[in-house]
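J.: no sequence on this one, just coordinates:
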Ligand code: PNS
């Protein structure tokens, strides 16, 4: 049986921390579907097409990775993909409460799909898409925190 996991998120944009989790997850699952939440009401910095494109380019070197978008309930999407697990990264303690809520709600909605948390490498513990965008918006150097394709996009978006 092929063990499929869904790695969901906003990925606005994908960071090296996300890639770290994805690579760790690939040692546990046969296929991982990186699933971008398509929620225009969240007013993302990058369009869904841009995010898809950035993730596809950043994961070109990895096998057994698919990239997709979803809307509605994550757990319903996971079921349509025959996934056995939802993969989430855990950074600092501050992530815990939200992740706990999300995992318990998802379990209540479907008990057959497990949430699996992986810890990021120490160097990514304080990396988030939001803080990276904030730094980039004001011309801060975020090289090494995001894949090259994302760095290029941020530079273009924030004109630095
Ligand atoms: O990158 P993020 O913003 O932390 O990802 C959050 C995400 C996309 C995993 C979460 O918001 C989500 O799953 N949204 C879809 C709606 C849903 O299923 N919510 C959880 C149960 S109510």
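T.: Ah, there it is. Please read these numbers as outputs of a predicted model, since none were measured by experiment.

J.: in stretch 39-47, what counts as buried?
T.: Going by neighbour count (16 or more other CB atoms under 10 Å), the buried part of stretch 39-47 is 44-46. Placement of C-beta: from N, CA and C, glycine included.

J.: is it true that residue 33 lies in a helix?
T.: No: counting by DSSP: H, G, I helix; E, B strand; the rest coil, residue 33 falls outside a helix, being strand.

J.: quick check: bridge partners of it?
T.: residue 6, residue 66 (DSSP bridges).

J.: could you shift the numbering so residue one becomes 14, and keep it that way?
T.: Will do, 14 is the new start, and the previous item becomes residue 46.

J.: how about it, what does it touch?
T.: Contacts for residue 46 were tallied using CB atoms under 8 Å, 6 or more residues apart in numbering; they are 17-20, 78-81, 94, 96.

J.: run the last query once more with 6 Å
T.: 19, 79, 81, 94 (CB atoms under 6 Å, 6 or more residues apart in numbering).

J.: and the longest helix for the chain?
T.: Using DSSP state H, we find that the single longest helix of the chain is helix 109-122.

J.: circling back: report the buried members of the contacts of residue 46.
T.: Among the contacts of residue 46, those buried by neighbour count (16+ other CB under 10 Å) are 19, 94.

J.: which pair in the contacts of residue 46 has the greatest spatial separation?
T.: Distance extremes for those: the farthest pair is 19 and 79 at 9.8 Å, using CB to CB.
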